[in-house]
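Chemist: Give me coordinates for this.
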Amino acid sequence: MLEIIQKPWPWYVAGPLIGLTVPILLIIGNKSFGVSSSFRHICASCIPMNIPFFKYEWKKEIWNLFFVFGIFIGGIIAVQLLGNPEPVVVRPKLTAELQQYGITDFSQLLPSQVFNFENLFSIKGFIMIVLGGFLVGFGTRYAGGCTSGHAIMGISTLQKSSLIATCCFMIGGYIMANFILPIILSL
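Modeler: This is a model prediction of the structure:
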């Protein structure tokens, strides 16, 4: 049983399981799947503000906070207790390309040469970690949701805005990975 949990599941198993969250959430409580709105709920519940954006009935969405907390705890359990014994597999062509930028450690999901506390104070680290994090957070709020909310929930409920947002996410990811990231990594 432990071996089934430790190894990554194929797309044809994991994909339908993720997809089943949509009808389950809709049938059980008429709830929408998404993660980015949780930050708004946390701010509204923890910090008394006079900002209209945070003045709403956040207690009606408390289930979402438990959902995100479950993701956090599940991630800790997955990494600490179950951990994948297999090394991270990176395509040889990508490995060769990343080695040109000084990235050689592929023992973890995130390369330690890029994502570490010391790198945060370099230009490359600041752009990738701080500026990138800000842009992702801003983008999710500007787009009215994150990739999981739009691509999984929005498209399955036939929302035209979610289809447009998801196409923009994919185009932006392609541009970032193929054109902008190589420039940042070469700094």
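
Chemist: So if we follow the domain assignment, how does this structure break up?
Modeler: Using automatic domain parsing, the domain parsing of the chain gives 1-85, 116-187.

Chemist: In terms of mean pLDDT, which of those domains ranks lowest?
Modeler: Sorting the domains of the chain by mean pLDDT places domain 1-85 lowest, at a mean of 83.

Chemist: before we move on, back to that, out of the domains of the chain, nearest to residue 106?
Modeler: Of all the domains of the chain, domain 1-85 sits nearest to residue 106, with 13.2 Å by CB to CB. Just so you know, the C-beta spots here come from the backbone N, C-alpha and C atoms, and that holds for glycine as well.

Chemist: picking that back up, in a markdown table, list the domains of the chain along with mean neighbour count.
Modeler: Below are the domains of the chain laid out as a markdown table (neighbours: other CB atoms under 10 Å):
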| stretch | mean neighbour count |
| --- | --- |
| domain 1-85 | 12 |
| domain 116-187 | 14 |
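
Chemist: Show the contacting residues for the residue located most distally from the centre of the chain.
Modeler: Most distant residue from the mean C-alpha position of the chain: residue 50, 29.4 Å away (CA atoms, centre = their mean). Shown in contact with residue 50 (CB atoms under 8 Å, 6 or more residues apart in numbering): no residues.

Chemist: Distance to residue 108 added to the domains of the chain, as CSV?
Modeler: Shown next, in CSV, are these (distance: least, CB to CB, whole Å):
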stretch, distance to residue 108
domain 1-85, 10
domain 116-187, 11
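
Chemist: Between those domains, which one is closest to residue 94.
Modeler: Among the domains of the chain, the nearest to residue 94 by CB to CB is domain 116-187 (10.2 Å).

Chemist: how long is the closest one end to end?
Modeler: This stretch, domain 116-187, spans 16 Å end to end (CA to CA, to the nearest Å).
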